[in-house]
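**Q** Here is a sequence with its predicted model. Questions after.
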Number of protein chains: 2
Amino acid sequence: MNDIDIESLKGIANQLRIHSIAATTAAGSGHPTSCCSAADVVAALFFGHMRYDPKNPHYHNNDRFILSKGHAAPLLYAAWAETGLFPADDLLKLRQLGSDLEGHPTPRLPFVDVATGSLGQGLGVGVGMALCARLDKLDYRTYVLMGDGECAEGAVWEAASLAGVNQLNNLVAVVDVNRLGQSQATAFGHNLAAYKDRFEAFGWRTEEIDGHDMDEITEVLAAVGLGTQPLVILAKTLKGAGVSFIQDQEGWHGKPLSKDEAARAIAELQPQAKSGIGHSIAAPLALPAPANGAPASYPPLNYTLGESVATREAFGNALLRIGEVDARVVALDGDTKNSTFSDKFYKKFPERFTECFIAEQNMVGVATGFGARGKVPFASTFATFFARAFDQIRVAGISTANLKLAGSHVGVSIGEDGPSQMGLEDLALMRTVAGSVVLYPSDAVCAEKLVDQMAAHKGICFLRTSRPKTAILYGNDEQFPIGGAKVLRQSDGDKVTVVGAGVTLYEALKAADSLKSEGIGITVIDAYSIKPLGKDIIKAAAQKTGGLVVTVEDHYPEGGLGDAVAGELSAEGIKVHKLAVPMLPHSGKAEELLAKYGIDSGAIVKKVKTLI
Amino acid sequence: MNDIDIESLKGIANQLRIHSIAATTAAGSGHPTSCCSAADVVAALFFGHMRYDPKNPHYHNNDRFILSKGHAAPLLYAAWAETGLFPADDLLKLRQLGSDLEGHPTPRLPFVDVATGSLGQGLGVGVGMALCARLDKLDYRTYVLMGDGECAEGAVWEAASLAGVNQLNNLVAVVDVNRLGQSQATAFGHNLAAYKDRFEAFGWRTEEIDGHDMDEITEVLAAVGLGTQPLVILAKTLKGAGVSFIQDQEGWHGKPLSKDEAARAIAELQPQAKSGIGHSIAAPLALPAPANGAPASYPPLNYTLGESVATREAFGNALLRIGEVDARVVALDGDTKNSTFSDKFYKKFPERFTECFIAEQNMVGVATGFGARGKVPFASTFATFFARAFDQIRVAGISTANLKLAGSHVGVSIGEDGPSQMGLEDLALMRTVAGSVVLYPSDAVCAEKLVDQMAAHKGICFLRTSRPKTAILYGNDEQFPIGGAKVLRQSDGDKVTVVGAGVTLYEALKAADSLKSEGIGITVIDAYSIKPLGKDIIKAAAQKTGGLVVTVEDHYPEGGLGDAVAGELSAEGIKVHKLAVPMLPHSGKAEELLAKYGIDSGAIVKKVKTLI
């Protein structure tokens, strides 16, 4: 890379500008000025620095590029078009329903690893990829292009901190400091020193450059990888750079140029533009690919009926068990590993474990990065603290990421710690993620088998585990397919179908015993798969009990088990009565709280009696 | 404050330790070691430095204290007991169902402004309070006690940045650097310089002290308020400080001492302990209270039937309109104010507007702080970006905060920007917040009237607004009570009740016209109040259409309008059929997307025909 053709790179940068302007004008919307500010850096990265096979964007040792400032999507698309991956004419289909060149990048495109567009998320994903490169002994580097505005997001500093702590010198961030946000100037304008001080305090090497000076850009890129720290390049740029009448002006965020303006702009740029087609691109080294194949099966279980084991501990056991035979499995935690029991995995496989400290947004970002590199990442913390990372989880849904989340300490059954520690919203959150699978085991056998299912399933899966120990209900060979449900009690003449999961399943079983002694039969169903719901099983049972269903859940009434069952079965004429935690709960003993908030066996008995 | 009695403060610190140990041992759970590390600082703040009326914790010019490390709750409770606010014996009821001394602090207690316990949230609230003090021309200061572990949370750095930018020298953070997290040591241990560099880079004055040296503590406190920067005191401490056999040892996080251990610990501490009762506490200045009264009413509207106005713009109009007559109203935005139209308020009342930049977690924290000081804060951004702040919103629910959120750009109807910008989960999120009100206007009149309702209602309210312009449906005098719904079309013989809101309401009206031309009548309901739902109105209409309901929403199928209606009406025997965005959507034109994802008038017509 000693022989950089500076003039060509300048020309390609202008070609990328032209494409970005033409595409957004054709679309009638988009962010051309945010593309123009970063065009020189992107041209230098794609055509003068990064090592990758442009014909095979998925090649395992390609350098990775994450466009954290996802609204500059047309610039990314233009760069790949200029590598020759697809015809430049396609750029004019930007933002159309029939084109995968969407408003913000998604992995519908082969050169996009993760969706971006919700700002401040790219760096965390980059940290995950950089950690994964180390684990896999690959020398690819991860480049993250960020905006200056998004550096206000805390997620950026969570990621920056972990990168500094782990001395990720295979990670390079570029901040496109174009000074202008959407509605006004950023807090720091062109004061690069403000960013420099912050990144240095977080353990980074920093370089300040003029982001439109190709000599400076290529000079700092030549020194990538030196030293032990991650590198951030702070590029002073102008929004709309290269186009005289929009450059560095307010009021141009997220606005396409009119056809006339675009023609003027392109006329300005054209004399200095050059196609990237045919320009040489550095090839990656042909290092061995990581062993990312799935095993044929996972080892069997060895629980005893009647034994009591918390599902959170079963999660820890399962992680260790599958980790033994599946090299793809990696784990992450947010300083709760002795409560979620991910420490079992950590002790055995420390090199495959990332302690993310108390920074859940970044934990999910890092996990998403591992998933994008072929791993099966399990991230764990208290269920309610995944709320902190919900935007990352939402965007992981858009990324169709392979991401496994295990949330412990759900509901009022945690007891004395009080509502701030209780997962009472997590089912609602996780159900609403695009393409998600939401699982809620009651016993350890089910929990372990569901972890096996999560590892085998490609996509976002959430496992809801409980704090209290619960009795083993199932034999070690029981199967728990995603989308299933188990009928645990059922007799002819049952009056009501009670659907529970987690601690409430045991309350339902107790209620069944109690009602049976009074001559009232109820069907009891374990809804271990909340999404997809075991709809047909519940429906069939409900139809045998006159269409009467009671759901009982250690969760708020909105968006959880009850809404899931009602939302699916109401149309079938099933009457669903919900028992759930109806208000902000208090600290107290678990059994007191289950009773007070009406989700214990007594409440179920009472409800059933009102219905028959 | 020149005459600090150092020996007394040391004694009170030990008394607080004794209470913390005794209370957690009595409860059988809790975090005594996390209390002990901060006991000296808390004793110095409460009994040697802060200015407040201990008999009136709500007094408007009291210094504020936020225990961001909420797990040290027993220390906070002990301090207030030692001021004489309540009997020290009550401390032994810690974590019991009958006591408001919960596992983590909640505003059920008069001296707690906001719930804490989800780490990293206190500083943002403190920034809001400090900004509010300036607005109200009061000289109270805001103190935030943080743990070192929670400094890994990005929310801390969002808050730190805004405090630095606004030069909040009335804000003081104390970081209790006790080195030990829950599951292992923090990333930086006792390296105070790591924290010092970070806070300085974020614009803060820093002081490093031995957090167990009362001379050092009181010396730095004496210099609070000097200069123009916020101050952070970095206190090097030992977890479990003061008790020889637990001090600075791993494995003691979140564990109470046994009765024997507690007795030994208390025996060590007792000789150096002193009660705080009767100790003089500095009084606050008697400055005038802010005008935080609600107006008798809000000004009328002036829209014209048939005119087209986006509900997001109506939100901006309403904010300005009520801001004119209600001095309590303040606004915050995250660099989207020209899209959410909060810029209308900003231009008129810049001193009551806080630009939070792209940092949504902190925006919600700051708003919560304003609310805790008697303001009516409206925070706005794209609806989907409130996902970023969901943990702050969840905890605001525990705080029973007075917080108003307005989220724009919902659903596929935003069009070309693609799924990362589309609010498709926000109803599920906001419905599941304890005590929340969730509103979804279709036209500008309804949007404005709902803003009036939000301002008048004490609690968390979310307003969901749309990007496209929509026709005015209602007269300027129409009333929209929270919990209501509007029947827009209804005739004898209607076959199905269609419930819509936002853009889908217009699709339902179009479908009604189309079906009417074929001789099929449908009832159309505007469900502008999603939570509480206008259940009785929908139920009454549904019963007239044979129990058949179709819901149609620009949201994912989980947790939104359809689940809300099914969850409430299924038990009544109503059959609810849901139309919602069934999968991850694509970029495209709004009308194309409404059709592709089956929520336009054509889809409604088709669905109705399959049902009759």
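**A** That came through, no problem. Numbers count the residues shown, from 1 in each chain, chains lettered A, B, ... in the order given.

**Q** Could you use CA atoms for every contact and neighbour count after this?
**A** OK.

**Q** What segments of the stretch 1-150 of chain A are helices?
**A** A:6-27, A:32-48, A:73-83, A:122-135 (DSSP state H, counting those that start in this stretch).

**Q** just the stretch 451-600 of chain A next, same as before
**A** Going by DSSP H, counting those that start in this stretch, the stretch 451-600 of chain A shows helices at A:503-517, A:535-544, A:561-569, A:590-596.

**Q** counting contacts, what elements does the third one pack onto?
**A** Under the contact definition 3 or more CA pairs under 8 Å, 6 or more residues apart in numbering or on different chains; DSSP states H and E, helix A:561-569 sits against helix A:535-544, strand A:548-552, strand A:575-579, helix B:561-569.

**Q** Quick one: closest of these to A:Gly84.
**A** Ranking the helices and strands packed on helix A:561-569 by proximity to A:Gly84 (CA to CA) places helix B:561-569 first, at 46.0 Å.

**Q** residues in contact with that closest one?
**A** A:558-559, A:562-564, A:566-567, A:570, A:576, A:578, B:427, B:530, B:533, B:535, B:539, B:551-553, B:557, B:574-580 (CA atoms under 8 Å, 6 or more residues apart in numbering or on different chains).

**Q** got a list of what the closest residue to chain B within the stretch 401-550 of chain A touches?
**A** Residue nearest to chain B within the stretch 401-550 of chain A (CA to the nearest CA): A:Asp417, separated by 4.4 Å. Listed by CA under 8 Å, 6+ apart, the contact set of A:Asp417 reads A:Ser587, A:Gly588, B:Gly30, B:Arg95, B:Glu102, B:Gly103, B:His104.

**Q** what residue is smack in the middle of chain A?
**A** A:Ala396 (3.2 Å; CA atoms, centre = their mean).

**Q** My read is that that one contacts A:Gly117, right?
**A** No - at 11.6 Å, A:Ala396 does not count as touching A:Gly117 under the criterion of CA atoms under 8 Å.

**Q** Show me the residue of the stretch 151-300 of chain A that gets nearest to chain B, please.
**A** Residue nearest to chain B within the stretch 151-300 of chain A: A:Gly154 (3.5 Å; CA to the nearest CA).

**Q** what's the pLDDT at that residue?
**A** For A:Gly154, the pLDDT comes out at 98.

**Q** circling back: closest to B:Gly251 out of the helices of the stretch 451-600 of chain A?
**A** B:Gly251 lies closest to helix A:590-596 among those, at 24.4 Å (CA to CA).

**Q** Could you pull up the residues touching the closest residue in space to A:Phe341 that isn't next to it in sequence?
**A** Distances taken as CA to CA, 6 or more residues apart in numbering or on different chains place A:Gly316 nearest to A:Phe341, at 4.6 Å, with adjacent residues excluded. Counting by CA under 8 Å, 6+ apart, A:Gly316 touches A:Thr340, A:Phe341, A:Ser342, A:Asp343, A:Lys344, A:Phe345.

**Q** The first one and A:Ser408 touch, don't they?
**A** Yes - at 6.1 Å, A:Thr340 and A:Ser408 qualify as touching, with contact defined as CA under 8 Å.

**Q** Now do the shared contacts for these two.
**A** Common neighbours of A:Thr340 and A:Ser408 (CA under 8 Å, 6+ apart) are A:Arg312, A:Ser380, A:Thr381, A:Phe382.

**Q** And the residue of the stretch 151-300 of chain A closest to chain B, how far from B:Leu439?
**A** Computed as CA to CA, to the nearest Å, the A:Gly154 to B:Leu439 distance reads 29 Å.

**Q** try A:Ala318
**A** 43 Å.

**Q** Have a look at those two and say which one is more surrounded.
**A** Taking neighbours as other CA atoms under 10 Å in any protein chain shown, A:Ala318 and B:Leu439 compare with B:Leu439 leading, 31 against 27.

**Q** Quick check: bridge partners of the more buried one?
**A** B:Leu463, B:Ser529 (DSSP bridges).

**Q** Could you list which residues are in contact with it?
**A** Contact analysis of B:Leu439 by CA under 8 Å, 6+ apart lists B:Leu450, B:Cys461, B:Phe462, B:Leu463, B:Arg464, B:Ile482, B:Tyr528, B:Ser529, B:Ile530, B:Lys531.

**Q** rerun at 6 Å
**A** By CA atoms under 6 Å, 6 or more residues apart in numbering or on different chains, the contact set of B:Leu439 is B:Leu463, B:Tyr528, B:Ser529, B:Ile530.

**Q** Let me see the contact set for the first one.
**A** Put plainly, it is B:Leu463. B:Ala406, B:Leu439, B:Tyr440.

**Q** now the second one
**A** Taking CA under 6 Å, 6+ apart, we find B:Tyr528 in contact with B:Leu439, B:Tyr440, B:Pro441, B:Ala485, B:Ala501.

**Q** Can you read off the pLDDT for A:Gly306?
**A** With respect to pLDDT, A:Gly306 scores 83.

**Q** The residue nearest to the centre of chain A in helix, strand or coil?
**A** Look at A:Ala396: counting by DSSP: H, G, I helix; E, B strand; the rest coil, its state is helix.

**Q** so what's A:Val487 closest to, chain neighbours aside?
**A** With CA to CA, 6+ apart as the criterion, A:Val487 has its nearest non-adjacent residue at 4.5 Å, and that residue is A:Ile525.

**Q** if I look at the residue of the stretch 151-300 of chain A closest to chain B, how far off is A:Ile18?
**A** From A:Gly154 across to A:Ile18, the span is 34 Å (CA to CA).

**Q** These two: which is more packed in?
**A** Between A:Gly154 and A:Ile18, counted using other CA under 10 Å, the more crowded position is A:Gly154 (30 against 27).

**Q** surely that one meets B:Ala159?
**A** No - with contact defined as CA atoms under 6 Å, A:Gly154 does not count as touching B:Ala159 (8.7 Å).

**Q** Around chain B, pick out the residues from the stretch 1-150 of chain A.
**A** The stretch 1-150 of chain A has residues A:Arg95, A:Gln96, A:Leu97, A:Glu102, A:Gly103, A:Gly117 near chain B, with proximity defined as CA under 6 Å from any CA of the partner chain.

**Q** export those to CSV and tack on neighbour count, pLDDT and distance to B:Met214?
**A** Putting these into CSV (neighbours: other CA atoms under 10 Å in any protein chain shown; pLDDT from 0 to 100; distance: CA to CA, whole Å) gives the following:
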residue, neighbour count, pLDDT, distance to B:Met214
A:Arg95, 29, 97, 63
A:Gln96, 19, 97, 66
A:Leu97, 21, 96, 67
A:Glu102, 25, 97, 60
A:Gly103, 30, 97, 58
A:Gly117, 24, 97, 49
